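In: This is the structure alone, sequence omitted:
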C-alpha cells in the first residue's frame, strides 16, 4: 500500500523549511507509532530524517521538475522503509526476510510514484503557497 506520509513530509520539508519538515516528520511519525507501531519512536525518527533531508534537497535541487520530485520520492521511500526494517530488526528482533522485503518495497515505491504523478500539480500549487507563507518573498532583501 502507498505511504502518503512520506510524500507529505517530503513536500513540507521541500516547500516550508528543513526545520518544519523535521518537526512535521517527527510528529507524524509519533502519531503513526502510537496508532500502529509496536515500538514508539521508530517512525518518528525515520520520518524526521526524511523531513530534514527534504530541506537539504530544497537547497540543492529544483522543485519544478516532476522527474526530480519523483526521484526524491523514490529515494525517500527507499530510505524510510529500509531504516524502519533495520530498526525493527535491531529493537524488535523480527526475522530477516530479504526477498519479501524487496518485493514489498518495490510495490510501495511504485504506488508512491504513481500517487506523486497524480497529485503533483496540486502539491506543487499548494507547496508554492506554503513556501510564500513560511519563507516570504526575500528576493528584495538580497539587494537592499
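Out: Yes, it's here. Quick caveat, the model's predicted, so the values are computed rather than measured.

In: helix/strand/coil for the closest residue to residue 44 other than its chain neighbours?
Out: Nearest non-adjacent residue to residue 44, counting by Cβ to Cβ, 6 or more residues apart in numbering: residue 29, 3.5 Å away. Quick note: C-beta positions are derived from backbone N, CA and C, even for glycine. What DSSP: H, G, I helix; E, B strand; the rest coil gives for residue 29 is helix.

In: Now do the helices in this structure.
Out: Along the chain, counting by DSSP state H, helices occupy 4-15, 18-35, 42-60, 66-92, 98-135.

In: and the first one, what does it pack onto?
Out: This means helix 4-15. helix 18-35, helix 42-60, helix 66-92, helix 98-135 (3 or more Cβ pairs under 8 Å, 6 or more residues apart in numbering; DSSP states H and E).

In: got the contact list for the residue nearest to residue 44?
Out: If a contact means Cβ atoms under 8 Å, 6 or more residues apart in numbering, then residue 29 has 5, 42-48 as its contacts.

In: What of residue 44?
Out: Contact analysis of residue 44 by Cβ under 8 Å, 6+ apart lists 25-27, 29-30, 32-33.

In: picking up where we left off before, will you turn the helices of the chain into CSV that also has mean pLDDT?
Out: CSV is the format used below for the helices of the chain (pLDDT from 0 to 100):
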stretch, mean pLDDT
helix 4-15, 90
helix 18-35, 91
helix 42-60, 89
helix 66-92, 89
helix 98-135, 88
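
In: circling back: now, of the contacts of residue 44, which are buried?
Out: Neighbour-count burial (16 or more other Cβ atoms under 10 Å) applied to the contacts of residue 44 gives 25-26, 29-30, 32-33.

In: tell me which residues of stretch 13-29 are tucked away?
Out: The neighbour-count check on stretch 13-29 (16+ other Cβ under 10 Å) flags 13-18, 20-26, 28-29 as buried.

In: Tell me the one among those residues nearest to residue 65.
Out: Comparing the buried residues of stretch 13-29 against residue 65 with Cβ to Cβ places residue 14 closest, at 12.0 Å.

In: Tell me which two of the buried ones among the contacts of residue 44 sit farthest apart.
Out: Greatest spatial distance in the buried ones among the contacts of residue 44: 25 and 33, 12.1 Å, computed using Cβ to Cβ.

In: and among the helices of the chain, the most buried is which?
Out: Most buried of the helices of the chain, by mean neighbour count (mean count of other Cβ atoms under 10 Å): helix 4-15, with a mean of 24.
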